[in-house]
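S.K.: sequence? don't have it. structure:
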């Protein structure tokens, strides 16, 4: 008898579709999402005063200050709001 019995070969062949699905899910969903998250974290880490941004709520403004987890945003003359750093969607002019 050989190294693998027919039952073992049958079990291995039976698990191949599951393994193939896991590989496909990794390359189609998990990997691109991690890549996008890394890019977003980098953008949030590089924010500085004077940057023009768009929030997830669609508010356009200019960064005037920072605190621990918040950003102060000027949205009009003499009008400033404080938002969560995570609420920053993108820099103005940046394509999604």
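M.R.: Yep, that arrived. Being a predicted model, the structure only gives us computed values, none of them experimental.

S.K.: Give me the contact list for stretch 73-80.
M.R.: With contact meaning Cβ atoms under 8 Å, 6 or more residues apart in numbering, stretch 73-80 is reached by 53, 55, 59, 60, 61, 62, 63, 64, 72, 81, 82, 83. All C-beta spots, glycine's among them, are computed from the backbone N, C-alpha and C.

S.K.: Spatially, which two of those are the most separated?
M.R.: For these, with distances taken as Cβ to Cβ, the pair at the greatest spread is 60 and 82 (16.0 Å).

S.K.: hey, what's residue 71 bridged with?
M.R.: For residue 71, the beta-bridge partners under DSSP bridges are residue 66, residue 83.

S.K.: can you pull the contacts of it?
M.R.: Per Cβ under 8 Å, 6+ apart, neighbours of residue 71: 47, 53, 63, 65, 82, 83, 84, 85, 87, 88.

S.K.: Pull up the gap between it and residue 41, please.
M.R.: 15 Å (Cβ to Cβ, to the nearest Å).

S.K.: all strands in the chain, in order from the N-terminus.
M.R.: 52-55, 60-66, 70-76, 79-84, 88-91 (DSSP state E).

S.K.: How about the contacts made by residue 53?
M.R.: 47, 60, 61, 62, 63, 71, 73, 88, 89, 90, 91, 92.

S.K.: and the longest helix for this protein?
M.R.: helix 6-25 (DSSP state H).

S.K.: Show me the residue sitting in the middle of this protein in space.
M.R.: residue 37 (2.3 Å; Cα atoms, centre = their mean).

S.K.: what about residue 15, neighbour count?
M.R.: By the measure other Cβ atoms under 10 Å, the count of residues near residue 15 is 9.
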